[in-house]
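J.: Sequence and predicted structure are below.
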Amino acid sequence: PSWHRHAGGAAPDAAALLVDLRYRAAGGLLADGGGGGPMLQAAFAYTTVLYVDPETGREPPPEAPATDKGPGGGRRAVAVRRLRVLTVQTEAAEAPAPLYAQANIAAVAAAVLHKAIKACQDYGIAEARVLISDWLINCFTALCKHKMVKCTGAGQKPMTSDLTDRANVFSQLIRLVYGILHADFLNSDPAISDDKRAASMSLFINMEPGCIQMALYPSLQAFDETGKRIAKELPLSHQSIISSQGKEFLVDTFWDIMVYHLDQDFGGTSPPPPPAAGAPPAAAVAVAEEEAAEGGGATSVGGEEEVNEE
């Protein structure tokens, strides 16, 4: 298997390991009578500090009273090496349908992201983009094959509403991988500095899967004319802007706050509205004013402005 360490930010308890398993069975599925899922065993060596009895050199039982005040209660601090072995049995599906309906998309996207970062470090940006693009094509092809989407005519599109309705969980992975391709560390634009690429790579490495999912493809929040939030998260698409009946839209990413103001009704063939001057939602104004007061760098929020959260 391929190992990818995921550090859970500032919380040590959230640290985890992402493992990319390669099954011997075709398609990663278990055959009939396979006897359960595959076993995974991981060993972790670490150093810890024990407070031992100065006379015996052994760690006293927890109920033993301390002989003195202080961190060790009068005992001697000794650094020891320990080994922790973790054995788990992973789940494996007997059919493709549960994978498309119940997959943990955040964890899968985090694993793909770490593979992209490793490929970028080993082979460079161009080769990493090719590998991720191939992965995205294979994922989309397998999804269409599972949903029996066929192209019989020259002008027929492979995507159908039935595809996302029946596999609404797994189909979201395509958006997240698309977001990986547009991340700063995979962007070949010479205008992006090496420092910005390194910062993007470091930030993604130390994010939890749920945060990675939001950073790669944040949701769109809609507000009505009075600034009241419409209780619905929308995907970043032209159709969501047209169908939500909202006048203002807020995209709160990990780096910027983007505010879009829709001051007229657009037809079905019109492009998404560009940033235009308009009153931003009250929530965005409150966030901007609070960060500006604290010296966080946010000075204003407007239709044509980006608020950097640096």
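T.: Done, it's in. Since this is a predicted model, take the numbers as computed values, not measurements.
J.: Partner strands of the helix or strand harbouring residue 48 and their direction?
T.: Using DSSP states H and E, residue 48 falls within strand 39-52. Strand 39-52 pairs in its sheet with strand 76-89 (antiparallel), by DSSP bridges.
J.: And the next helix or strand past the partner strand?
T.: By DSSP H and E, the next helix or strand past strand 76-89 is helix 96-102.
J.: What separation do you get for residue 52 and residue 81?
T.: Going from residue 52 to residue 81 by CB to CB, to the nearest Å gives 15 Å. Just so you know, the C-beta spots here come from the backbone N, C-alpha and C atoms, and that holds for glycine as well.
J.: Who are the contact partners of the closest residue to residue 42 other than its chain neighbours?
T.: Nearest residue to residue 42, sequence neighbours excluded (CB to CB, 6 or more residues apart in numbering): residue 86, at 4.9 Å. Applying CB atoms under 8 Å, 6 or more residues apart in numbering to residue 86 gives the contacts 41, 42, 43, 44.
J.: ok, now which ones touch the third one?
T.: Spelled out, it's residue 43. So residue 43 contacts 83, 84, 85, 86 (CB under 8 Å, 6+ apart).
J.: Same question for residue 240.
T.: By CB under 8 Å, 6+ apart, the contact list for residue 240 reads 220, 222, 234.
J.: how about the last one, what does it touch?
T.: When you say that, I think you mean residue 234. By CB under 8 Å, 6+ apart, residue 234 lies in contact with 219, 220, 221, 222, 240, 241, 244, 249.
J.: Please name the nearest non-neighbouring residue to residue 131.
T.: Leaving aside its chain neighbours, residue 131 sits nearest to residue 119 (5.3 Å; criterion: CB to CB, 6+ apart).
J.: Isn't the one you found up against residue 125?
T.: No - with contact defined as CB atoms under 8 Å, residue 119 does not reach residue 125; the gap is 9.3 Å.
J.: Which one's more surrounded, the two?
T.: It is residue 119, of residue 119 and residue 125, that has more neighbours when counted by other CB atoms under 10 Å, with 18 against 14.
J.: Tell me the helix or strand right after the helix or strand encompassing that one.
T.: Following DSSP H and E, one finds residue 119 within helix 105-123. Downstream of helix 105-123, the next assigned helix or strand under DSSP H and E is helix 125-146.
J.: separation between the residue lying closest to residue 109 once chain neighbours are set aside and residue 169?
T.: Nearest in space to residue 109, with sequence neighbours left out and distances taken as CB to CB, 6+ apart, is residue 176 at 4.0 Å. Distance, residue 176 to residue 169, using CB to CB: 12 Å.
J.: Per-residue pLDDT of residue 245, please?
T.: Listed pLDDT for residue 245 reads 75.
J.: what's around it, how many residues?
T.: For residue 245, using other CB under 10 Å, the count is 11.
J.: Contact partners for it?
T.: 222, 224, 230.
J.: Of the residues you listed, which belong to strands?
T.: 222, 230 (DSSP state E).
J.: The residue nearest to residue 109 touches residue 105, doesn't it?
T.: Yes - using CB under 8 Å, residue 176 is in contact with residue 105, at 6.8 Å.
J.: who touches both of those two?
T.: With CB under 8 Å, 6+ apart, residue 176 and residue 105 have common neighbours residue 213.
J.: Quick check on these two: which one has the bigger neighbour count.
T.: For residue 176 versus residue 105, neighbours defined as other CB under 10 Å are more numerous around residue 176 (22 against 16).
J.: Give me the phi and psi for that one.
T.: Residue 176 adopts backbone torsions of phi -70, psi -40, taken as degrees, to the nearest 10.
J.: and the gap between it and residue 38?
T.: According to CB to CB, residue 176 and residue 38 sit 25 Å apart.
J.: what do you get for residue 252?
T.: In terms of CB to CB, residue 252 sits 40 Å off from residue 38.
J.: Tell me if I'm right that residue 51 and residue 80 touch.
T.: No - the pair residue 51 / residue 80 is not scored as a contact, 11.0 Å apart, by CB under 8 Å.
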